[in-house]
Every structure is written in structure tokens, then in C-alpha cells.
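**Q** following is a predicted model, sequence given first.
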Amino acid sequence: MNNIYEQAVSRSSQQTFATNKVIRNTYMLLSATLLFSGLMAMLSVYLAVPFWTYTASVLVAMLMGMFVLPRTADSSAGLGVIFAITGLMGFGLGAVISLYLQLPNGPQTVALALGGTGVIFLGLSGYALSSRRDFSFMGGFIFAGMMVLLVAMLANIFLQIPALQLAVAAGFILLMSGFILFQTSQMIHGGETNYIHATYGLYLSIFNIFISLLQILGIFGDE
Amino acid sequence: MNIWLQIGMGITLVLMLIYMYPAAKHWLENSPKAEKGDWQAVIVPLLLVVGFVILLIMLVKH
């Protein structure tokens, strides 16, 4: 009887240890990728790359995220791939930031979007980590919402309607905020055991919130 | 935007939709049911996010 109890406690502590390891590794890798991405963005601003670099970089990064990352995420090669993806996205982001910096109040808009993204991410992650709630019931809602937003984005590539762009940006902020809660709770409750996948998900949320916030603040700031 | 980049982005978004479809289907069919208070625990922080974004918009307007 005692033996069964000890085994159960041992299994439970092993599970907790594994969960904490995933969370720690995810946040360490996320910090490193954000730093690398920021450095690449600075390089891109310094080189004053044209705006199409953003589209091209995001396009290549999305393709790598779909076809290369899933094949390498279980090996050490996955680390190289995640740095390549986030570096590319950061380099593309530099082109957008350059554009905003040239506008009146541009530096203020960029700083507010950056600070705002940090506050949203840290606030939601802190909430999910401290409440330890299971947000997996949101899975269907989040993935269905993402598909709707992707269709709207696809339509707006060709339609170029500013109101739809604003609606998509607002939708992305809400959906990515929900995704941060969902992904963090998945890490806590053992639904996500691969820290490279978890980092990629959280990085994309931060990237999308920043870009959407930049668009919204740019539009409302009459830029 | 360059027309070829537009087409490339369009194709990539279609690929993403195809790629995400199985995950969306899985979560729609297998998501655990929300219990009492679960949605409230999501809506409150999301409303705070909305309020915070409105505050940022007001800051950028002044």
C-alpha cells in the first residue's frame, strides 16, 4: 500500500518536474529568440531595407514554420530553425518599423506598440501561470477564429479595404491574447511538451500583437 | 505591394488554411466542455486588453 502511494507521488513529482522544465525552457528560448529578432530588426532598420522585405521575410518564415519546423522540432536542428524563422521575421519587421519611424509621431507609435505588446504578453502569461487554470476548452474557438481571420487576410490582400484591415488587426489582438492563455495553460497541464513548438506559438502571438497594435495606433494616430 | 509577392502571400495563406484545418477540426471536436466560470476567466482579461488598447489609442491621439 505504502509502495503504491510512493509510486504515485514519484510519478506526480516527475510530471511536475517535466512541466516546469518545458515552461523554463520555453521562456528561455522565447527570450533568446526575441532578442535575436530585435537585433535583426535593428540591422534591417540600419540597412533601410525596402518595404517588400517584410512580405518576403514573413512569407519564407511562414513556409519554414509549416514545412521545416515540424520535421526538426524534436531534434537540436529545431533550435537552428526557430532562430532562422524568428530572425527572418525580425528582419522583415525592421522594414515596417523604418516606415513608421519616418512618419510624424512615428517613434512614439512604435514605442507605444512595443511597450503595449510587452504589457499584454506579460500580463496574460502571468495570469495564466498564477491562476493555473486549464484553458483548453478554448481550443476550438481559437483555431476556428484563426481560420476566419486568415480568410479575411487573404481577401484583404486583393481587396485592400482599410476598415477590414482594422477589423483584422483588432481580431488578431483578441485572438492572440486568447492564444497566449491557451498555450500557457497547455504547457502547465502537459498538453504541450515540446518547448520549440511552444516558443514558436508564443513568438507568433507576440509578433502578431505587435504588428496589429502598430497598425491600429498608426490608423488612429492619423498616420 | 508587388503583384508576385501578393500572389505568393495569397498562396501561403491558402497553404496555412489547409495546414491548420486538421488542428482546427481536432480542437472543435475534442475540446473539453467549459465549466461554470471558465469563460468568465477568459472574458475578464480580454476586456482588460481591450481597455488597454483603447488607452494606447487615446495616448497616441494626444
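**A** Thanks, I have the structure now.
**Q** hey, let's count contacts and neighbours off CA atoms from now on
**A** OK.
**Q** can I see the domain layout of chain B?
**A** B:1-31, B:35-62 (automatic domain parsing).
**Q** which stretch among those domains comes nearest chain A?
**A** domain B:1-31 (4.0 Å; CA to the nearest CA).
**Q** list the buried residues of the closest one.
**A** Buried residues in domain B:1-31, counting neighbours by 16 or more other CA atoms under 10 Å in any protein chain shown, are found at B:6, B:8-10, B:12-13, B:16-17, B:20, B:24, B:27-28, B:31.
**Q** same thing with stretch A:101-118?
**A** A:Leu101, A:Asn105, A:Gly106, A:Thr109, A:Val110, A:Leu112, A:Ala113, A:Leu114, A:Gly116, A:Thr117.
**Q** give me the residues contacting that stretch.
**A** Stretch A:101-118 is contacted from outside by A:97, A:100, A:206, A:209-210, A:213-214, A:217-218, A:221, A:223, B:53, B:56, B:60, using CA atoms under 8 Å, 6 or more residues apart in numbering or on different chains.
**Q** thinking again about what came up before, can you tell me which of the buried residues of domain B:1-31 are up against chain A?
**A** B:6, B:8-10, B:12-13, B:16-17, B:20, B:24, B:27-28, B:31 (CA under 8 Å from any CA of the partner chain).
**Q** not counting its neighbours along the chain, what's nearest A:Leu181?
**A** Leaving aside its chain neighbours, A:Leu181 sits nearest to A:Ala128 (5.6 Å; criterion: CA to CA, 6 or more residues apart in numbering or on different chains).
**Q** chain neighbours aside, what residue packs nearest to the residue of chain A found nearest chain B?
**A** Relative to chain B, the nearest point of chain A is A:Gly140 (4.0 Å; CA to the nearest CA). Computed as CA to CA, 6+ apart, the closest residue to A:Gly140 that is not its neighbour in sequence is B:Leu28, at 4.0 Å.
**Q** can you tell me how far that neighbour sits from A:Ser136?
**A** If you measure B:Leu28 against A:Ser136 using CA to CA, to the nearest Å, the figure is 11 Å.
**Q** what about the residue of chain A closest to chain B, how many residues close to it?
**A** By other CA atoms under 10 Å in any protein chain shown, the residues close to A:Gly140 number 20.
**Q** and it, what helix or strand is that in?
**A** Assessed by DSSP states H and E, A:Gly140 sits inside helix A:139-159.
**Q** ok, back up a step: nearest to A:Ser31 among the contacts of stretch A:101-118?
**A** Comparing the contacts of stretch A:101-118 against A:Ser31 with CA to CA places A:Ile206 closest, at 11.6 Å.
**Q** which residues of the chain score low on pLDDT?
**A** Just going to use chain A. A:1-12, A:222-223 (pLDDT under 70).
**Q** correction: the question concerned chain B.
**A** For chain B, the stretches flagged by pLDDT under 70 are B:1.
**Q** just the CA atoms of stretch A:197-211, as PDB, please.
**A** Extracted in PDB, the C-alpha atoms of stretch A:197-211 (Å, rounded to 0.1, in the frame of the first residue of the first chain):
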ATOM      1  CA  HIS A 197       6.700  24.400 -30.600                       C
ATOM      2  CA  ALA A 198       5.600  26.300 -27.500                       C
ATOM      3  CA  THR A 199       8.200  29.000 -28.200                       C
ATOM      4  CA  TYR A 200       7.100  29.300 -31.900                       C
ATOM      5  CA  GLY A 201       3.400  29.700 -30.800                       C
ATOM      6  CA  LEU A 202       4.100  32.300 -28.200                       C
ATOM      7  CA  TYR A 203       6.600  34.200 -30.600                       C
ATOM      8  CA  LEU A 204       3.900  34.300 -33.300                       C
ATOM      9  CA  SER A 205       1.400  35.700 -30.800                       C
ATOM     10  CA  ILE A 206       3.800  38.500 -29.700                       C
ATOM     11  CA  PHE A 207       4.700  39.300 -33.300                       C
ATOM     12  CA  ASN A 208       1.000  39.400 -34.400                       C
ATOM     13  CA  ILE A 209       0.000  41.600 -31.400                       C
ATOM     14  CA  PHE A 210       2.900  44.000 -32.100                       C
ATOM     15  CA  ILE A 211       2.100  44.300 -35.800                       C
END
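**Q** now do the same contact list for the closest residue to B:Ile57 other than its chain neighbours.
**A** Nearest residue to B:Ile57, sequence neighbours excluded (CA to CA, 6+ apart): A:Leu217, at 5.8 Å. For A:Leu217, the contact set (CA under 8 Å, 6+ apart) comprises A:Thr109, A:Ala113, B:Leu56, B:Ile57, B:Val60.
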